[in-house]
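Novice: what follows is a predicted structure for the sequence shown.
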Amino acid sequence: MKRVLMAALGGMIALGAWSSVVNGMLGVQRSIEMKRLADDRALYEMLAGQVVEPGRYVLNPEVIPGGPFPGKAPVFGIQYSGVGHEDAWQEMAAALASYFLVSLLGALLLFWSADAVRSRFTLRLLFVAGIGMVSAVFRFLGDFGIGSYRLSDAGLLALGDLAAWILAGAVMAGILGPGRGADPVSPGP
């Protein structure tokens, strides 16, 4: 069990480091999510007075009487969580907790995998990267659409998720190694 927990901790650190470099230092996610407007202060003040309840708001164009929405008219999405910058530590704590939990799940699944998978580093890495592929596909499908990300931005975020999982997979594959050793964890009947 010790190696599984160490692999989960290693995965959490790898995911956190990836996020810190790609999003914190390079600003990839910020460049997608925090675009500026020419008069964003006035819009901010207007939204602060109008959007008082946390939630996601979608602003559609005016419906044509008796018809559909106008075909080429933009749809805007506004998201308000109810917290501000003073609560950023909660977001960081939640991210670290989720990085640890998904890494723990990945490490347990890898630990319980067939000996053929566990026998080679490349197969262990691909196993965890496969989990990342599923995560990236669901993020990609969930983040694209009306009032959300454009296709290229959702794709870039999904590729970032996959790359983070490949890095975490390399760390976890190296820590878990090819054999179960003395670890008492078993998947049960």
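Specialist: Everything's here; your move. Numbering: from 1, shown residues only.
Novice: nearest residue to residue 153 in space, please, no chain neighbours.
Specialist: The shortest distance from residue 153 to any residue other than its chain neighbours is 4.7 Å, reached at residue 32 (CB to CB, 6 or more residues apart in numbering). Backbone N, C-alpha and C define where each C-beta goes, glycine included.
Novice: surely that neighbour touches residue 160?
Specialist: No: the criterion here is CB atoms under 8 Å, and residue 32 misses it with residue 160 at 9.8 Å.
Novice: can you pull the contacts of the residue nearest the centre of the chain?
Specialist: The chain has residue 161 as the residue nearest its centroid, 5.9 Å off, counting by CA atoms, centre = their mean. Residues near residue 161 by CB atoms under 8 Å, 6 or more residues apart in numbering: 132, 135, 136, 139.
Novice: save those residues as TSV, and put in pLDDT, secondary structure and distance to residue 44 too.
Specialist: Supplementary listing: the contacts of residue 161 in TSV, determined by pLDDT from 0 to 100; DSSP: H, G, I helix; E, B strand; the rest coil; distance: CB to CB, whole Å:
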residue	pLDDT	secondary structure	distance to residue 44
132	85	helix	36
135	83	helix	33
136	82	helix	32
139	76	helix	28
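Novice: so residue 28 touches residue 163, yeah?
Specialist: No: using CB under 8 Å as the test, residue 28 is too far from residue 163 to be in contact (10.6 Å).
Novice: okay, and the common contacts of those two?
Specialist: residue 22.
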